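> Would you be able to build a 3D model of this:
(one chain, ligands or ions: 1)
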Amino acid sequence: MIVQGIVDRAAIKASDVVLEIGPGTGNLTVQLLERAKKVIAVEYDKRMIREVLKRVEGSTSASKLQVIHGDVLKVALPFFDVLVANVPYNISSPLLFKLLAHRPMYRCAVIMFQEEFAMRLSARPGDDLYCRLSVNTQLLAKVDQLIKVGRNNFRPPPKVDSRVVRVELRNPPPPVNFTEWDGLVRLLFNRKNKTLHAVLCTKATLRLLEDNLKTYRAMQGTEDSGGGGGSSSAMAVDAADGSGGGSDGERVKTIVEEVLSRPEFKDKRASKMDQDDFLALLSAFNASGIHFS
Ligand SMILES: C[S@@+](CC[C@H](N)C(=O)[O-])C[C@H]1O[C@@H](n2cnc3c(N)ncnc32)[C@H](O)[C@@H]1O
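Presented below is the predicted three-dimensional model:
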């Protein structure tokens, strides 16, 4: 019933190319083959490849199956319309981020995850499970919880329950530099219940932001430009102390404190901030020359 549920919720069309990750002995594969134009299965265990090929051998749909032998995290994924995956939970996070970055865009991915991981993907501000994974995933995709799968559906039963989720990429993708975004979100969720000021104004974080500024300037070719011909954000940093004097460290601290004193950011905490709050904060910092990567 669960296999059937996964296949149904993937809403496969007869014209679809389906990518299956980890076909194992082919429980899902045989059902996918009945519905899709083609199924490409990525499997790293040669014994499983033999099993799945044996299982479909002689059937009318055998010619629709292509198997790629390899680790899904390492192989270049082929074009697909829909992805279906039931893979070990220790690769959930890297697999998800590989799929969030994958292009060209696909219609959806239907994936079974450990329950807590699945719940984190769609957790909202204020929820206990709201975390960096929630914010990053929701920036790039819409996640729907589809099916609860109790541990007793498996033999032997694992220690945790599972859930099947549907992931649909945001199209068009948000106009955000993801490395910058993740740099900020990572810092804030280190201590998600502290105020932004408490997290970002520690000596270690300010030093990191100062280093980022130096790297950013070097990459922009503005290392020696002072307040003169540099980029607008570098100039914002250079102008921060008003006098043109002071060290980079002092300037960074002045700017970070100024941004965080604005009414929209004052006393905010990551645990209660939504996507728009993070976007506004990143944009305010970047406009003032503060970078998170
Ligand atoms: C839990 S079984 C799922 C079997 C089948 N999909 C099902 O639902 O009955 C996971 C399968 O994923 C394969 N697998 C695990 N890690 C993988 C990886 N990194 N790349 C490709 N296949 C992987 C395993 O060899 C195994 O066949």
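> all contacts plus neighbour counts: C-alpha atoms, from now on.
Will do.
> can you list the residues of the chain near the ligand?
21-24, 26-28, 42-45, 48, 70-73, 86-88 (Cα under 6 Å from any ligand atom).
> Let's see that with 8 Å instead.
Proximity of the chain to the ligand is confined to 3, 20-29, 42-45, 48, 69-74, 85-88, 91 under the rule Cα under 8 Å from any ligand atom.
> Which of those residues fall within strands?
Judged by DSSP state E, those include 20-21, 42-43, 69, 85-86 as members of strands.
> which pair in the residues you listed spans the largest distance?
Greatest spacing in these, by Cα to Cα: 69 and 86 (16.4 Å).
> Between these two, which has more neighbouring residues?
With neighbours defined as other Cα atoms under 10 Å, residue 69 and residue 86 compare such that residue 86 has more, 19 against 15.
> Show me the domain layout of this structure.
Domain segmentation of the chain under automatic domain parsing yields 2-169, 178-287.
> Least confident of the ones you listed, on average?
Per-segment mean pLDDT for the domains of the chain reaches its minimum on domain 178-287, at a mean of 85.
> now it, how far from the chain's geometric center?
23 Å (Cα atoms, centre = their mean, to the nearest Å).
> Stretch 28-38 too?
Using Cα atoms, centre = their mean, the offset of stretch 28-38 from its chain centre is 28 Å.
> Could you do stretch 83-98 as well?
Offset of stretch 83-98 from its chain centre (Cα atoms, centre = their mean): 11 Å.
> Also stretch 29-49?
Here stretch 29-49 is found 26 Å from its chain centre; the criterion is Cα atoms, centre = their mean.
> Would you mind listing the buried residues in it?
Buried residues in stretch 29-49, counted by 16 or more other Cα atoms under 10 Å: 29-30, 32-44, 48-49.
> Now do the nearest residue to residue 5 once chain neighbours are set aside: how many residues are near it, please.
Nearest non-adjacent residue to residue 5, counting by Cα to Cα, 6 or more residues apart in numbering: residue 147, 7.7 Å away. Using other Cα under 10 Å, residue 147 has 16 neighbouring residues.
> Likewise for residue 276?
10.
> State the helix or strand in which it lies.
Taking DSSP states H and E as the definition, one finds residue 276 inside helix 275-287.
> Going by contacts, tell me the helices and strands next to that helix.
Judged by 3 or more Cα pairs under 8 Å, 6 or more residues apart in numbering; DSSP states H and E, helix 275-287 is in contact with helix 132-140, helix 178-190, helix 232-238, helix 248-260.
> gap between stretch 64-71 and the chain center?
Distance of stretch 64-71 from the chain centroid (Cα atoms, centre = their mean) equals 25 Å.
> Give the other helices and strands that the longest helix along the chain contacts.
When the chain is parsed with DSSP state H, its longest helix is helix 203-220. For helix 203-220, the elements it packs on are helix 248-260, judged by 3+ Cα pairs under 8 Å, 6+ apart.
> what packs against the helix it packs on?
helix 196-200, helix 203-220, helix 232-238, helix 275-287.
> Residue in the stretch 101-250 of the chain with the shortest distance to the ligand?
Proximity of the stretch 101-250 of the chain to the ligand (Cα to the nearest ligand atom) peaks at residue 112, 8.9 Å away.
> Tell me the strands beside the strand or helix carrying that residue, with direction?
With the criterion set as DSSP H and E, the secondary-structure element containing residue 112 is strand 108-114. Counting by DSSP bridges, the strands paired with strand 108-114 are strand 82-86 (parallel), strand 162-169 (antiparallel).
> can you pull the alpha-carbon coordinates of it into CSV?
C-alpha atoms of strand 108-114 as CSV (Å, rounded to 0.1, in the frame of the first residue of the first chain):
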residue,chain,number,x,y,z
CYS,A,108,8.6,17.1,-8.4
ALA,A,109,10.5,14.7,-6.2
VAL,A,110,8.6,12.2,-4.0
ILE,A,111,11.0,11.0,-1.3
MET,A,112,10.7,9.0,1.9
PHE,A,113,12.6,10.5,4.9
GLN,A,114,12.9,9.8,8.6
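> Could you check how far that strand is from the centre of its chain?
From the chain centre to the centre of strand 108-114 is a distance of 14 Å (Cα atoms, centre = their mean).
> thought residue 136 was touching residue 182?
Yes. When contacts are counted by Cα atoms under 8 Å, residue 136 is listed as touching residue 182 (7.1 Å).
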